[in-house]
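In: Turn this into a model:
(chains A, B, C and D)
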Amino acid sequence: MSVQEREATVASAVSADRKRRRPVTGSLLVGGLIVAAVIGMALLSFVWTPHDPTLVDPSVRLQEPSSDYWFGTDKFGRDVFSQILVGSRTTLFVGFVAVGVAALIGVPLGIVAGMAPRWCGELLMRGNDLLLAFPALLLAIMFAAVYGAGTLVAMVAIGIASIPHFARLIRGGTLQIMRTEYVIAARAAGRGPFAIAVRHVLPNVSGLVIVQASVGFAIAVLAEAALSFLGFGTPPPTPSWGRMLQESQELLSIAPRLAVFPGVAIAVAVLGFNLLGDGLRDRFDPKLEDRR
Amino acid sequence: MAEQPTGAPPAPEPGTGPTEAISVHDVTRVYQRPRTSLRSASPPVHALRGVSFAIPQGQRFGIVGESGCGKSTLLRILAGLDRPTSGSVAIDGRDLTGLPERRLTFVRERLQLVFQDPMSSLDPRMRVGDIVAEPLVAQGHGNRRERVAELLEAVGLRADAADRYPHQFSGGQRQRISIARALAPRPKIIVADEPVSALDVSVRAQVLNLIADLVDELSLTLVFVSHDLSVVRHVCDRVAVMHAGQIVETGSTEQVYEDPRHSYTRRLIAAVPTLGRALSGVSAADLNREQRP
Amino acid sequence: MIVRLVQRIAILLASLAVSSVLVFAFMAVLPGDPARVALGTSASDSAVAQLRQEFGLDRPLVAQYLSWVRGLVTFAPGNSYISHAPIGPQLADRLQVTLWLVGTGMVIACLLALPLGTLMAVRHRKPSGLVLSALSQVGVAIPAFLAGILLITVFAVGLGWLPANGWTPPDQDPVLFLKQLVMPALSLGIVQAAVVTRYVRSAVLDVLREDYLRTARAKGLRPTRALLRHGLRNAAVPVVTVLALQLATLLVGSVVIERVFVIPGLGSLLLDSVANRDLIVVQDVVMIIAMAVLLVNFLVDMVYLLIDPRLRGGGS
Amino acid sequence: MTPAPGTAPAAATQDDVLAVRNLDVTVGGRTLVEDVGFTIRAGERVGLIGESGSGKSLTALSVMGLLPEGLRASGSVRLAGVDHDLVGADEARMSRVRGKEIAMVFQEPMTALNPTMRVGRQIAEVLLIHRTRPDRASARAAAVELLAQVGLPDPGAAAQAYPHQFSGGQRQRVVLAIALANDPALLVCDEPTTALDVTVQARVLDLIVRGVQDRRSAMLFITHDLAVVATACERVMVMYGGRLVESGPVREVFTRPRHRYTQGLIGASDLTVVDDRGRLATIRGSVPPAGRFPAGCVFRNRCDHATEVCATRPEWIPTGPDSGYACFHPVPGSAAPGATTPTNQEAGRG
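Out: Down below sits the predicted model:
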């Protein structure tokens, strides 16, 4: 199966005509709520946290959840709930930057690859496939090996590794749009390639971009958690759910809750973005309804 | 045809002189297919094998042929969207073969296209007003709002349609919008690619009448492409029959339908079921009898 | 058919070459000198020069690249900057461990995903379909290492049925080997199963909408038989595509799992060599993972030829 | 033909192959097909014409029990030789009927065949499912014979080939071979030649008509092309807005239409008749989306003769054993069709 066929199966069919708006589906509602909650948590953390998440106080080490410390404290005596709150900031920040990098480079690349002559599009996609051989985590580890761990390293690595997903999906959509009669009409009217890309291609792939962005966000959250878990993500003392999980590992027998709280936070955030992705996909393109 | 509009086609506009609207000379188009066998490259596809014809100003010229006969390739070449492998094409006497896109503005101003599929010929994300105005934007014309309103009325739609989106219109109405867009830059030539094939029977007649009215009022040259012989017969003065990349026969509609010379044309016309022939006893077997090569 | 094969082999070789250059260049552009980085800032210049000479770091970059590639191709990569011991055998052992882990994980993922995904598609309007769909959505959201930690908390710490971590080669103690393999493979496998299930579901749904399925029903086949006889083979193509992509993610996911379960696989080797700056090992491990992913993509293309006659060339 | 809506249906005569009574198809609150009733006699070729949203395809799919998900059929569909009603029958029963008593040919040949299975096997399968051939070998041989019958060159090699190695016309013949394999009592064709070129259409139409005649099968032929129906069928039923508006012998309906919609449809589809300015006859307005037709007579928003009474549902007025119409202001039967809109008078030439 040549790359085209593979793209056709992976890339969505961009429906040329949007019937009336599709109803708000369950996944859009639930996904939207969760994402809103995570964003809410992040914003709240700027203004208020029950305790200073980085304040080490050995006297209150490993306290069980109480009215004072809602989620209890960790082995350094830091309040777990506050860490979770501030940790959401890191997660969202990594997600936005990673998806931003991937979209800003991947979308134009996909559109150019879709509009360029066939051989050039092929070549670009060949290179794109190559990048798929270096998943986000691997890239991040290589970056960390060279530049040392850090949130920035994690974000850039995840972003670069997500470019091929955007580029491939958008190229599939662009190829389909370029075949439509309204693009041929625009060319016959004298519109240049740039005008066609901005006026016709971009608006019609925007549905794809948003869907891939929300799913990309979920991937970024997972990748950041893994990186922090391995010690390559956000360095201490900035709270990060991944690192909380790593620190909780040796205390599993005494305080499993130290693993449960950040773990649930990660899972819920990822679930939220995936559901949002599904919901947006239903809304934008019914044919995508059951994709993935 | 029951009633052939008598008299020659309307005299060409003063000043444009006798040159034909479109003249095509020995155009060929060959596509290379990707290799499937190691030893030899796969045989190239000859979409057009030396096509020549000329269309005077104001004539309604039909191109008829089955799928794969090369009529869409020819259409793209006429509109300057594709380059012939050899041969030349001239619009109003000016040759456009081999010119880069930036020197094709004279084609964009004179020739516009109307398409087949109402669903895919209008951008679903653009308002109708912007769709119709796009050629004006592309060619830098001013006062677009009034012009769009004028065009929408000319095709039988209300001016307020400009603020709505394509999915709010029926198939027939969308074809009208497509026609309004084609007329925006005041072209002299309209090339229609199967403009009514996707429409319901009762709506098709309305759109055909609209095209006929506009061609008369604006004394346009019309190139009408279709696989449906009876539609082409109704619309066009002259018709060219295409088969396997070549024009096998050209002539006035009357002559080609009444006494076709080329064997392929005869087979094509014999295969077309019509209400009249069916009621006078022509059966499926009769239609098929002519087909044995 | 053969043309396709030749084309695909050429693409594979080209991709391998390009990725090797990428990896090498990535490491070479490193600020600072690998030898000094390996020996630490306190090392004397002569010691650093001596190390550079020993590892041929003083030679021009192209020469270094060529000898590195020759090492990889002949399965005799050079020595580690830190331990000076040959890397080859170490890589071989570690690779075997990772293959066991990823292999079992993939098997678990397929055994769960193929039936479940098909079931979800067939019943996608009924409540059971929706429940499965929600479950798989949750499955996708759980990172593998979280699954690992939860398994340890329940089965190792809680019930004590399985060892919390460690690894024993199968030939030494097969029972212990299996006991230690269960949880890591499960944590990798379950998460992948959730992802693959969603792809299987959408591939089967696409097939259910195809006209030839309706033709099969019009012939007198009941829905399930029509799907089995006509649908599944056509759904295989997109599913195989996804399995290849997921294998790559699984390969990298195992890096984290090896850390959670303290398994001496390629992943932990990579992490350790990053920690102690043994860059030549990092370079080799990353290259091996990339080679594995590219090889899998190549194999997937070959599988397409078996499944889909349209790709075998010939015919109209 | 028994009167459909309202009046008590007479007992189906013994040589009726198909009897449809009060057939409705609904999705959500919307009705797409309403109270359709007709019968087809053994060996009779009946056309069903209508434009988009008329419900003609849904009627055919209801008879086959293959309605898309979410659509519900009600009413009664009886097939000769089958002891249960086809509407609402469970899959076990329907799968014994489909491909054996009743078979179907679809519109789009390019996607109707399984792209990864050899053509011979796809034909042999329908024989093995219903055990009309004892074993695989005889089923394969029968498949090659069927390929020859539908005029495919070198049927032996064709049986071994895959669908992508055939043209659209050839694939449609394979679908026809599958449908006719078990000599069905009723063949349902849903726009079988719409996607084909006119020369290929002539061959496939001929094959379909000869195929049903040789087997004395009845045929329900759905299309929007009046000329194709007039060529292939003996009787025609006209549907608009989910309702049966007129039916009768082809010559009768196409020369002396009674329902105003049929009259308008004939006028609009005949391109040889023009007014003095050379313009065609049209039906004003456009076809409303499926399920959104006006109450009462579904055509009244586009009919020049509509009056208040048309807001109530017109009764079915039988005009013969197999014909009738449902219109309050029909085209006068005896007199020549109304002069207002030109209708197809003389037999067209060409």
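In: Please verify my assumption that B:Ala162 contacts B:Glu153.
Out: No. If you go by CB atoms under 8 Å, B:Ala162 and B:Glu153 don't touch, sitting 10.8 Å apart. (C-beta placed from N, C-alpha, C; glycine too.)
In: between the two, who's got more neighbours?
Out: Between B:Ala162 and B:Glu153, counted using other CB atoms under 10 Å in any protein chain shown, the more crowded position is B:Ala162 (21 against 13).
In: who's in contact with that one?
Out: By CB atoms under 8 Å, 6 or more residues apart in numbering or on different chains, the contact set of B:Ala162 is B:127-129, B:132, B:148-149, B:152.
In: let's see 6 Å
Out: B:128-129, B:148 (CB atoms under 6 Å, 6 or more residues apart in numbering or on different chains).
In: ok, now D:Ala143?
Out: D:120, D:123-124, D:159.
In: after the host helix or strand of it comes which helix or strand?
Out: Assigned by DSSP states H and E, D:Ala143 falls within helix D:136-149. Note on helix D:136-149: by DSSP H and E, the next helix or strand toward the C-terminus is helix D:155-160.
In: residues of that next one that come out buried?
Out: By neighbour count on 16 or more other CB atoms under 10 Å in any protein chain shown, the buried set for helix D:155-160 is D:155, D:158-159.
In: can you list contacts of that helix?
Out: Taking CB under 6 Å, 6+ apart as the rule, helix D:155-160 contacts D:118, D:120, D:143-144, D:147-148, D:152.
In: quick one on the thing from earlier: distance from the helix holding D:Ala143 to the middle of the chain?
Out: How far helix D:136-149 lies from its chain's middle: 28 Å, per CA atoms, centre = their mean, to the nearest Å.
In: That helix: which residues count as buried?
Out: Those would be D:139-140, D:142-144, D:146-149, for helix D:136-149 by 16+ other CB under 10 Å.
In: how about the helices in chain D?
Out: D:56-64, D:91-97, D:119-129, D:136-149, D:155-160, D:168-180, D:198-215, D:226-232, D:250-255, D:260-269 (DSSP state H).
In: In a markdown table: those helices, plus mean pLDDT.
Out: As requested, the helices of chain D are exported to a markdown table (pLDDT from 0 to 100):
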| stretch | mean pLDDT |
| --- | --- |
| helix D:56-64 | 94 |
| helix D:91-97 | 93 |
| helix D:119-129 | 95 |
| helix D:136-149 | 96 |
| helix D:155-160 | 95 |
| helix D:168-180 | 95 |
| helix D:198-215 | 94 |
| helix D:226-232 | 94 |
| helix D:250-255 | 94 |
| helix D:260-269 | 91 |
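In: Any chance of TSV for those, columns distance to D:Val36?
Out: Below are the helices of chain D laid out as TSV (distance: least, CB to CB, whole Å):
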stretch	distance to D:Val36
helix D:56-64	6
helix D:91-97	20
helix D:119-129	28
helix D:136-149	33
helix D:155-160	39
helix D:168-180	23
helix D:198-215	22
helix D:226-232	17
helix D:250-255	17
helix D:260-269	15
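In: Can you tell me the centre-most residue of chain A?
Out: A:Phe217 (1.3 Å; CA atoms, centre = their mean).
In: To D:Thr312, which of the helices of chain D lies closest?
Out: Across the helices of chain D, the minimum distance to D:Thr312, taken as CB to CB, is reached by helix D:260-269, at 16.0 Å.
In: returning to what we had before: please name whichever of the helices of chain D is nearest to C:Gln246.
Out: helix D:119-129 (32.6 Å).
In: which ones are touching C:Leu112?
Out: Per CB under 6 Å, 6+ apart, neighbours of C:Leu112: C:Ala193.
In: Dihedrals phi and psi, it?
Out: phi -80, psi -50 (degrees, to the nearest 10).
In: where's C:Leu95 relative to chain D, distance?
Out: C:Leu95 sits 36 Å away from chain D, going by CB to the nearest CB, to the nearest Å.
In: Give the closest residue to that residue in space, chain neighbours not counted.
Out: Leaving aside its sequence neighbours, C:Leu95 sits nearest to C:Leu266 (CB to CB, 6 or more residues apart in numbering or on different chains; 5.8 Å).
In: Isn't that neighbour up against C:Leu99?
Out: No. Counting by CB atoms under 6 Å, C:Leu266 stays clear of C:Leu99, with 9.0 Å between them.
In: neighbour count winner among those two?
Out: C:Leu266 (28 against 15).
In: returning to what we had before: which two among the contacts of helix D:155-160 are spaced furthest apart?
Out: Largest pairwise distance in the contacts of helix D:155-160, by CB to CB, is 16.5 Å, between D:Arg118 and D:Ala148.
In: Pretty sure A:Ala225 sits in a helix.
Out: Yes. Using DSSP: H, G, I helix; E, B strand; the rest coil, the assignment for A:Ala225 is a helix.
In: Quick one: neighbours of the residue nearest to it when sequence neighbours are not counted, just the number.
Out: Of all residues not flanking A:Ala225 in the chain, A:Gly242 sits nearest, at 3.7 Å (CB to CB, 6+ apart). Counted with other CB under 10 Å, the neighbours of A:Gly242 add up to 32.
In: Phi first, then psi, for A:Gly242.
Out: Dihedral angles (degrees, to the nearest 10) for A:Gly242: phi -60, psi -50.
In: quick one: contacts for whatever residue of the stretch 101-250 of chain D ends up closest to chain A?
Out: Chain A sits closest to D:Pro115 of the stretch 101-250 of chain D, with a gap of 11.7 Å, by CB to the nearest CB. D:Pro115 sits next to D:Pro163 when contact means CB under 6 Å, 6+ apart.
In: In CSV, list the contacts of D:Ala143 along with distance to D:Ala281.
Out: Converted to CSV, the contacts of D:Ala143 look like this (distance: CB to CB, whole Å):
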residue, distance to D:Ala281
D:Gly120, 49
D:Ile123, 45
D:Ala124, 50
D:Ala159, 49
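In: of those, closest to chain C?
Out: D:Ile123 (9.5 Å).
In: give me the number of residues near residue 69?
Out: Defaulting to chain A. A:Tyr69, neighbours per other CB under 10 Å, totals 20.
In: meant chain D actually
Out: By other CB under 10 Å, neighbour count at D:Glu69 equals 9.
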